[in-house]
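J.: no FASTA, just this:
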């Protein structure tokens, strides 16, 4: 049969293997969050505007220089391929008045 010291060694080896598995799973989950879009009830839809849509905004006398800012590292827009100066349209759902659109300019 096993001695007390041998039992302790096998138990510590099992514990070490279990912790290594947990760490590797955590790393994979973090990578998925960075690559994939975050889907959640409280995060509104974010859409990158084309140049034509930005020109339409400027014709409505909404200058992109005066838009509120959003950081390029924001988790809600991290999945989009953005550059500094791009304009984002945020669509928030509202049960009373319908969808509400907001605009933000991307900065670093």
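T.: It's in. Owing to the predicted nature of the structure, the values given are computational and were not obtained by experimental measurement.

J.: buried sites along stretch 49-59?
T.: For stretch 49-59, a neighbour-count test (16 or more other CB atoms under 10 Å) marks 49, 54, 57 as buried. To be clear about C-beta, it is placed using only N, CA and C from the backbone, and glycine gets the same treatment.

J.: contact partners for the first one?
T.: By CB atoms under 8 Å, 6 or more residues apart in numbering, the residues touching residue 49 are 57, 86, 87, 88, 89, 103.

J.: show me the residues you listed that map onto strands.
T.: Using DSSP state E, 87, 88, 89, 103 are the members of those that sit in strands.

J.: please report how far the third one lies from residue 12.
T.: Spelled out, it's residue 89. Using CB to CB, to the nearest Å, one obtains 55 Å as the distance from residue 89 to residue 12.

J.: which of those two has more neighbours?
T.: Taking other CB atoms under 10 Å, residue 89 and residue 12 do not tie; residue 89 has more neighbours (16 against 10).

J.: circling back to that earlier point, farthest-apart pair in the contacts of residue 49, please.
T.: Distances among these were taken as CB to CB; the most separated pair is 57 and 86, at 12.6 Å.

J.: now, the buried residues of stretch 49-59 that are in helices?
T.: The helices, defined by DSSP state H, take in 54, 57 from the buried residues of stretch 49-59.

J.: and of the buried residues of stretch 49-59, the nearest to residue 71?
T.: Each of the buried residues of stretch 49-59 was checked against residue 71 using CB to CB; the closest is residue 49, at 17.3 Å.

J.: now the closest one: how far from residue 101?
T.: Separation of residue 49 from residue 101 (CB to CB) stands at 11 Å.
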